[in-house]
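[1] Quick one, what's the 3D model for this:
(2 chains)
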Amino acid sequence: DQQVKQNSPSLSVQEGRISILNCDYTNSMFDYFLWYKKYPAEGPTFLISISSIKDKNEDGRFTVFLNKSAKHLSLHIVPSQPGDSAVYFCAASGRSTNAGKSTFGDGTTLTVKP
Amino acid sequence: DTAVSQTPKYLVTQMGNDKSIKCEQNLGHDTMYWYKQDSKKFLKIMFSYNNKELIINETVPNRFSPKSPDKAHLNLHINSLELGDSAVYFCASSQGLAGDYEQYFGPGTRLTVT
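    Got it, this is the predicted structure:
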């Protein structure tokens, strides 16, 4: 039972354009969501997060949108840069439950072409 | 100065052997984790420890035994290795147990069982 899903295994965009990565979840107890970025041969690094009390959080070129009714979140990268090419994981957790456990999606590989 | 380090980075061994992977964090975090990333790239939590106490044990076979000698270290020992144990294992740490703390990951240990 995969509670967090990233249905697009890969995404390719042109440098300077917008990248939109999507994530769906099924567990209504999730109330905190995080995006991680992973380069080859490295561990994931935290990128941006959002609490369920918000529907948008922005940090520079990165914006995460949360639609609780649809149990859907997305990460927007504008403008996309070649250095953004990596695997992006979304993760979900329940702040008051699950003892810190984050459930990860299976990742979307983003390629930004110069 | 590496925040979360793992050794070894690569581990090739034969079925039936026993091996250990070490993890250390210098962030002063209270919580540490082990994740397994299989061939499908799915990051699945195995264990979490908080202040040296086991918090999460996600139906991992008994052959896997984590050990936390202190807050800064969480080692993973695997007995009687099987082919299906081949994967990349990531150690991570976070400030606390709450689901809204981002996790800091080590570079991963690629285990190959032949």
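[2] what's around the spatially closest residue to B:Thr2 that is not a sequence neighbour, how many residues?
    Nearest residue to B:Thr2 in three dimensions, chain neighbours excluded: B:Asn26, at 7.5 Å (CB to CB, 6 or more residues apart in numbering or on different chains). In this view, the C-beta of every residue, glycine as well, is placed from N, C-alpha and C. Taking other CB atoms under 10 Å in any protein chain shown as the criterion, the count of residues near B:Asn26 is 12.
[3] In terms of pLDDT, where does B:Asn26 sit?
    Reported pLDDT at B:Asn26 in the predicted model: 96.
[4] With the one 3 residues further on instead?
    Note on B:His29: pLDDT of 94.
[5] How about it, nearest residue that isn't a chain neighbour?
    That would be B:Ser93: by CB to CB, 6+ apart, it lies 4.0 Å from B:His29.
[6] Identify the neighbouring strands of the helix or strand where the one you found lies in the sheet and state each direction.
    Secondary structure assigned from DSSP states H and E places B:Ser93 in strand B:87-94. According to DSSP bridges, the neighbouring strands of strand B:87-94, each with its direction, are strand B:31-37 (antiparallel), strand B:104-105 (antiparallel), strand B:109-113 (antiparallel).
[7] need the contact list for the nearest residue to B:Thr7 once chain neighbours are set aside.
    Setting aside the residues directly before and after it, B:Thr7 is nearest to B:Lys22 in space (CB to CB, 6+ apart), at 5.0 Å. Applying CB atoms under 8 Å, 6 or more residues apart in numbering or on different chains to B:Lys22 gives the contacts B:Gln6, B:Thr7, B:His73, B:Asn75.
[8] Compile these into a markdown table and extend it with columns for distance to B:Ile56.
    What follows is the contacts of B:Lys22, written out as a markdown table (distance: CB to CB, whole Å):
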| residue | distance to B:Ile56 |
| --- | --- |
| B:Gln6 | 19 |
| B:Thr7 | 23 |
| B:His73 | 17 |
| B:Asn75 | 16 |
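[9] so which of those residues is the most crowded?
    Among the contacts of B:Lys22, the one with the most neighbours (other CB under 10 Å) is B:Gln6, at 25 neighbours.
[10] pLDDT score assigned to it?
    The predicted local distance difference test score for B:Gln6 is 97.
[11] and chain B, which residues reach chain A?
    With the criterion set to CB under 8 Å from any CB of the partner chain, chain B comes near chain A through B:4, B:31, B:35, B:40-45, B:48, B:50, B:55-56, B:90, B:92, B:94, B:96-108.
[12] Among these, name the ones in helices.
    For those, not one is inside helices, with DSSP state H as the criterion.
[13] that older thread, please flag which of the contacts of B:Lys22 sit within helices.
    When the contacts of B:Lys22 are checked against helices (DSSP H), there are no matches.
[14] Out of those, flag the one nearest to chain A.
    Out of these, the one with the shortest distance to chain A is B:Gln6. That distance is 8.3 Å, counting by CB to the nearest CB.
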